[in-house]
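# Okay, sequence plus prediction incoming.
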Amino acid sequence: MCLAKDKQSPRLFASGMTMWMRYQMLLLHNRNRDNIAMGLEAGQPPATNMRKMYWDYELEEMAEIWARQCQKRHDECRNTIRYNVLQNMDVRPLAPRVTEAQLLADAVGAWFSGSRMLNPDHVWSFRLSNCSAPGGCNAHWYSAAAWASTWRVGCSQALCKASKRACANYRKRRTLADTTNSTRTSNKLNLVSRTKYSSSEYNSFDDLDTTKLNQQVNGSPLHRGTYRQNQKEDKDQEPHILAFTFCNYGPAGNIEGFPIYDTGTTCTNCPQGTHCGDRTHRGLCTVAAKVRIHGMQDESWVIKDKINQYRGLIRLYERDRKIHEGDLTKQKRRYSRDIRQLRKEINVKRDELGVAVYGDKQFLRNAFQEHRRLQLTYMNSQADKVLESIHQENFNKRKQLDRIRYTKKKKMEKFRLAQLEAAELRDRLLFEVGGKLPAEKKEQAVANYVQRASIKKNAALAIKVMYKKILDILKKDSSYFTVVLEALKLDCRAQGKCLMGATEMGQLAMEYLDDRKYEFSMLEQEIKTNMKERNRTLKLARREIAYLTNSFPNLIRKEEATNLDDLYEDEDAASKHSVHWELEEVTGICKRLQRATLVPSFDRILLRLQEQTYQSERLMMQLTLNSTKRDALIEDRKHAVLMLDTLKNVGQESTAEYVKIKKQLKAEIDAEYKEEKNLTRALDEKGKLIIEMKTSLQQINQLLSSVGAPNAPRPDTVPQAIKYAVEDQIQPIPDLESDFDKLILVARQKLTVLMNAVSKMDVGPEVRLYANSFYHNILARTMRDNYKDEVLAEGGLIEFEMEDPNVPSHAVIKLRSKQLVEAQVSEFDVPDEPRKK
């Protein structure tokens, strides 16, 4: 920049930034940074210290000087005295029907699209990458624009003619038929109208005259991409243009090893002197001294205009809030209905899956209906466990049967050996004792042979009977196992059908979900197309209004109703009707748009529509995020329910033991609670008893306060009524002793003195009788108060008052005081009325 300050490229067509372009660039940067801070950027975590960007005219001037060089490379001399500066660059061809807003949005979107190439781990620690990689420098451009501590930006744009061998692709122009109502102009006139710097060949502003524009070209100076009637004139007069966009950022980021921004909850770590108070960008830390209020910066606005602006904003916010609440209510009802339906289907499918996996318990109960032992043993058991247990029991029975057979075989062999040994001993005895005849020997041999044959026959019969029994048992087992196998086959088929049904239902659900996604994508594309067409139409209408306003400044006043019939009385009737009709139509369209968008003037319509578009996109993204979270919560809930069922099944074995321990602990707790309650009751009773005893002792000491005190005569000079009134006003508050031992000691001493004094007195029978009756009255009252309903209650001494007829009571003193006051007050004395406050 230092060397190119006073230079510019010969290919320069136009350069500079208008106030609207500055506002648009700043809005695009802050909007993308706000999405990053709120966590709406795909694949990137949210930011806690993302600052809001502000425009810097020094950085803009540096970017403008460099953009006028028309070079596709970064400026190497861009640092300032205040801080270092980073630079982003975007070069793209200027295609027909492309507006300035689209150029700026494409440039900023290309820089922030580098978030898809940036590794999320590099957010905590930035790493420089090679720009020759497939992603290029997009990651560096993204980190430069998204660096949290960067809060100054200055951008500029230059339009340069492309060289003959430029690699930029251009769209072919189409030749349209002649349209008499067309109001469009060439690119050159449109671009030069907003430039600050331009070459000597295109710096003439005379072409903006409306009369010349109407004679030369049927076009509007507010629209860039237009078509001419003659394609050869377009090729000769409109050169191929490249848009060079440069943005400088300060203080510079992209420091290796440092975080791009701090991750966490949004707006929890704003730098000192900043806070999140911007209503447009809620996730950015703004400077407190420069908080904007609804964009009201025009000094010509009065209080009424601002009040109207606030009222319109309030109505808009209330309408949006009601619409949003209604949509949320409908969505909540729909989700609740779907959730209930899903719960029912889940329960049904879970039962079917349980039957398919673990078998039908009712079928097993029906199969074991004739076998009481098996029915009691395997009640409510799973089919696989029942089958395994039956196989194990059959195996054990077979082992026992084989063991019995082996034992029987051994015993039969022993029996035959014993019989042979007995026959040999018999023969030996016969032959040794005396000889036998040959016939006897033969008879003996035949008898032995017959006996052995009969033994074998009996053994064969026994074996035959045993095998018949075994065969009968095996036949019964085979028939039983045939039934079990048939039942298992039926269960297998039922399980297969259930699994096939679940698979088909899952496939249908996936197909339905894919259809809905496709329909939603198509609907989203149509909505975006309609919104773009709406924005383009609004921009054309605004430009037409501005053109008409500039063309007829003396005939039309802004936001006033003008009678055009009086102004065009002398002109041709057809011309008057045409102009009047067009103006009324344009004014009606603008007023309808103004009423629909709730703005004070026509200039604010486009800004309001852009803001609504942004809010719609933000709400759609928020809806997508909420839907994703809802699906995740539903999956977590399913997993939790499955884990709960698993835990319930796992914990059945130790449940009885836990219940027993729980009952024991509960019984111990109840016993301890009762013991604590009894102790508390005993302590309360003991405390009450102590308090009553202490109160009684204090009362006794108060009654005995005159014991042992000297008798002082009272002066009689003061009148009796005044003395009673004064004593009533200045009655002293006695000091109560709280020490229990001291109270007992004082009472004992004074009672001893009193008893000694009473013992020296001469007491007559009348006094004794009166004292005895007084004692019995006290005792009766004590028994009546403390022994109600035959319940024994512990208590202290009885509180009583001794009444002396010579001493006036408190009521008598009050009465005498009242009589004295009435005697002193005259009947003509009127009391002062209180003042009203």
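All right, it came through fine.
# For the protein, which helix or strand comes out least confident on mean pLDDT?
helix 210-216 (a mean of 34; mean pLDDT, DSSP states H and E).
# for the protein, which spans come out with low pLDDT?
Along the chain, the model assigns pLDDT under 70 to residues 1-5, 131-136, 164-239, 288-302, 432-437, 553-578, 650-654, 708-738, 785-809, 820-837.
# And it, what are its domain boundaries?
Residue ranges for the domains of the chain, per automatic domain parsing: 9-162+240-292, 177-238, 680-761+797-824.
# next one: the longest one to chain centre, how far?
So that's domain 9-162+240-292. 32 Å (Cα atoms, centre = their mean, to the nearest Å).
# All further residue positions should be reported with the first residue as 56.
Okay, residue one is now 56; in that scheme the one you just asked about reads as domain 64-217+295-347.
# mind listing the strands in the protein by residue range?
67-70, 109-110, 141-148, 207-216, 296-305, 329-330, 341-342 (DSSP state E).
# Export the ones you listed as CSV, with columns for mean neighbour count.
All C-beta spots, glycine's among them, are computed from the backbone N, C-alpha and C. As requested, these are exported to CSV (neighbours: other Cβ atoms under 10 Å):
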stretch, mean neighbour count
strand 67-70, 24
strand 109-110, 15
strand 141-148, 20
strand 207-216, 25
strand 296-305, 24
strand 329-330, 15
strand 341-342, 18
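# Show me what the helix ranked longest in the chain is packed up against.
Looking across the chain with DSSP state H, the single longest helix is helix 493-606. Here helix 493-606 touches helix 265-271, helix 358-413, helix 416-422, helix 438-488, helix 628-652, helix 660-705, going by 3 or more Cβ pairs under 8 Å, 6 or more residues apart in numbering; DSSP states H and E.
# can you pull the buried residues of stretch 522-539?
V539 (16 or more other Cβ atoms under 10 Å).
# quick one: contacts of it?
422, 442, 445, 449, 456 (Cβ atoms under 8 Å, 6 or more residues apart in numbering).
# can you count the residues close to Y669?
For Y669, the tally of surrounding residues (other Cβ atoms under 10 Å) stands at 13.
# before we move on, what about the one 10 residues further on?
As a burial measure, T679 scores 11 neighbours (other Cβ under 10 Å).
# ok, now the one 10 residues further on?
Applying the criterion other Cβ under 10 Å, we find 13 residues in the vicinity of I689.
# Identify the residues contacting it.
Here I689 is in contact with no residue (Cβ under 8 Å, 6+ apart).
# What distance do you get for the nearest residue to T323 once chain neighbours are set aside to C302?
Computed as Cβ to Cβ, 6 or more residues apart in numbering, the closest residue to T323 that is not its neighbour in sequence is T103, at 4.8 Å. Noted for T103: a distance of 25 Å to C302, by Cβ to Cβ, to the nearest Å.
# Same question for L408.
Taking Cβ to Cβ, one finds L408 at 60 Å from C302.
# Equivalent analysis for R405, please.
58 Å.
# ok, now N324?
Between N324 and C302 the distance is 26 Å, computed by Cβ to Cβ.
# what do you get for T432?
From T432 to C302 the distance is 82 Å (Cβ to Cβ).
# same thing with E640?
Distance from E640 to C302, by Cβ to Cβ: 41 Å.
# next one: S180
Distance from S180 to C302, by Cβ to Cβ: 25 Å.
# so who does Q126 touch?
Applying Cβ under 8 Å, 6+ apart, we find Q126 in contact with 64, 299.
# can you do 10 Å?
Q126 makes contacts with 59, 64, 66, 144, 146, 215, 299, as judged by Cβ atoms under 10 Å, 6 or more residues apart in numbering.
# tell me which of the residues you listed is nearest to A726?
M144 (84.0 Å; Cβ to Cβ).
# excluding its backbone neighbours, what's nearest the closest one?
F301 (5.5 Å).
# if I look at that neighbour, how far off is G209?
9 Å.
# Can you pull the residues that touch both of these two?
114-115, 117-119.
# ranking these by neighbours, who comes first?
Comparing the shared contacts of F301 and G209 by number of neighbours (other Cβ under 10 Å), A118 comes first, having 30 neighbours.
# I figured that residue was touching D145, is that so?
No - judged on Cβ atoms under 10 Å, A118 makes no contact with D145 at a distance of 11.7 Å.
# quick one: common contacting residues for these two?
Common neighbours of A118 and D145 (Cβ under 10 Å, 6+ apart) are 210, 212, 299-302.
# Let me know the closest of the residues you listed to H635.
Q212 (40.0 Å).
# which ones are touching the residue lying closest to the closest one once chain neighbours are set aside?
Among residues not flanking Q212 along the chain, T300 sits closest, at 4.8 Å (Cβ to Cβ, 6+ apart). Neighbour list for T300: 80, 118, 122, 143-147, 158-159, 161-163, 165-166, 210-213 [criterion: Cβ under 10 Å, 6+ apart].
# Tell me what T300 is bridged to.
Assessed by DSSP bridges, T300 has beta-bridge partners D145, Q212.
# neighbours around I362, how many?
For I362, using other Cβ under 10 Å, the count is 10.
# ok, it to D375 distance?
20 Å.
# And for A478, the neighbour number?
Counted with other Cβ under 10 Å, A478 comes out at 15.
# ok, now L744?
Using other Cβ under 10 Å: L744 sits among 14 other residues.
# Return the distance of it relative to L738.
11 Å.
# mind checking how far the residue lying closest to H195 once chain neighbours are set aside is from L688?
Nearest residue to H195, sequence neighbours excluded (Cβ to Cβ, 6+ apart): N309, at 6.1 Å. For N309, the distance to L688 equals 39 Å [Cβ to Cβ].
# higher neighbour count, these two?
Set side by side, N309 and L688 show more neighbours around N309, with 18 against 10, by other Cβ under 10 Å.
# what sits against the more buried one?
139, 141, 181, 183, 194-196, 198-199, 202, 205, 315.
# List buried residues within those residues.
141, 181, 194-196, 198-199, 202, 205, 315.
# tell me the two of these that are most distant?
Greatest spacing in the buried ones among the contacts of N309, by Cβ to Cβ: A194 and T205 (15.8 Å).
# Cheers, nothing more for now.
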